[in-house]
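K.L.:
Build me a model:
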Amino acid sequence: MLRLPPFDFYTPGSLAEVIELLAGEGPETRVVAGGTDLWPNMKRRHQKAERVVSLMAIPELAGIEGHNGELRLGSTTILDDIVRSREITERFPALARAVASISSPPLRYMGTIGGNICVDTRCTYYNQTEEWRRSIDYCMKEEGTICWVAPSSPRCWAHSASDSAPILCALGARVEMVSKRGDRILPLTDFYRDDGIDYLDKAPDEVVARILIPSDSDSARCGSSFWKLRRRGSIDFAVLSVAAAVWTDDGNRVTDARIYLGAVGSRPLPVAGLADCLEGRLLSEETISEAAALARKTATPMDNTDFQAQWRGVMAARYTEAALREIAGLDPRGLPPQHLL
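P.N.:
Got it, this is the predicted structure:
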């Protein structure tokens, strides 16, 4: 049995207390919400902390609310509450689908949306026990100096593991962070860095307070879809996910389109070239095939998770095609989505 190392545990009742605990120099401190990512990582000695600060006793960080059409998700909102929210399932159905695909019901009863957008990157050589990693020599993501996926590379190639991040990026969500130095809001797309180690634009003293989804991304204005590939229909992390959002005019011609790929890079990867491919055109067999080809060009998965990297790249095109066909109301050609809805 893997055991947690010793650490001091704090359960402050206000955000102001958390900010004070995180401010300035001091012992290595980590913030925890549901703990479904941090606790296993600490047990395997991937992440270390002398003290851990819980956010779960702070009312202002939890809940789902609308404000002038914008949807605000508190960072400690439980994943299952998002899946069961009528407002989310009606206004942002692809987000509800993505969150419903996360792990299993017991973990969705514990995990939070803020924790999921911050979930650690993953890799075959990193997500092992400490004894296993020591036996082959540590990788650069923890203790070592070599990326075992690409030994000649100067960077870590661990891949993004969040299921909610790709669809939130496609919907144009923003993230609000607070610290003693002040508050800031940035597009979620800018929250992620293309680096398996330093993968978040978030300082150690900052706390994710809420996620903001704009009103023009709801189902009345935007068609969206999320498809996830994994070996089993639940529990497993994605080896590929595709999140698509498409806006059309009164004539059903595309005015804007965004597609983000998950689990094939160290951040959710935007599919480039969609403006020239789709804007001003109908979502047809031809345009969807062209967009799927762009997704295949974007996807360059590494050999750092389940299934062969080349096959995952091919499936990026297949799943993109299926997602866009679903938005267009076309038959997805018998390729079943790997999600729970």
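
K.L.:
Show me the strands in the stretch 151-300 of the chain, by range?
P.N.:
Counting by DSSP state E, counting those that start in this stretch, the stretch 151-300 of the chain has strands at residues 174-178, 184-187, 207-213, 222-229, 240-248, 254-262, 269-270.

K.L.:
could those go into JSON lines alongside mean pLDDT?
P.N.:
Below are those laid out as JSON lines (pLDDT from 0 to 100):
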{"stretch": "strand 174-178", "mean pLDDT": "98"}
{"stretch": "strand 184-187", "mean pLDDT": "98"}
{"stretch": "strand 207-213", "mean pLDDT": "98"}
{"stretch": "strand 222-229", "mean pLDDT": "96"}
{"stretch": "strand 240-248", "mean pLDDT": "97"}
{"stretch": "strand 254-262", "mean pLDDT": "98"}
{"stretch": "strand 269-270", "mean pLDDT": "97"}
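
K.L.:
between those, which one is nearest to T11?
P.N.:
strand 207-213 (14.5 Å; C-beta to C-beta). For every residue, glycine as well, the C-beta is placed using N, CA and C.

K.L.:
Okay, now the sheet partners of the closest one, with direction.
P.N.:
If you go by DSSP bridges, strand 207-213 pairs up with strand 70-74 (antiparallel), strand 174-178 (antiparallel).

K.L.:
Export those strands as TSV, with columns for distance to Y10 and mean neighbour count.
P.N.:
As requested, the strands paired with strand 207-213 are arranged in TSV below (distance: least, C-beta to C-beta, whole Å; neighbours: other C-beta atoms under 10 Å):
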stretch	distance to Y10	mean neighbour count
strand 70-74	20	21
strand 174-178	17	20
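
K.L.:
Which one of the ones you listed lies nearest to L282?
P.N.:
strand 70-74 (28.8 Å).

K.L.:
Contacts for the closest one, please.
P.N.:
For strand 70-74, contacts defined as C-beta atoms under 8 Å, 6 or more residues apart in numbering pick out 60-66, 82, 87-88, 91-92, 113-114, 209-215, 218.

K.L.:
nearest to A98, of the strands of the stretch 151-300 of the chain?
P.N.:
That would be strand 222-229 among the strands of the stretch 151-300 of the chain, by C-beta to C-beta, at 4.3 Å.

K.L.:
So which elements touch the closest one?
P.N.:
helix 93-100, helix 164-170, strand 240-248, helix 309-328 (3 or more C-beta pairs under 8 Å, 6 or more residues apart in numbering; DSSP states H and E).

K.L.:
in the helix or strand of the chain with the lowest mean pLDDT, what counts as buried?
P.N.:
The helix or strand of the chain with the lowest confidence, counting by mean pLDDT, DSSP states H and E, is helix 130-136 at a mean of 88. Applying a neighbour-count criterion of 16 or more other C-beta atoms under 10 Å, one finds R133 buried in helix 130-136.
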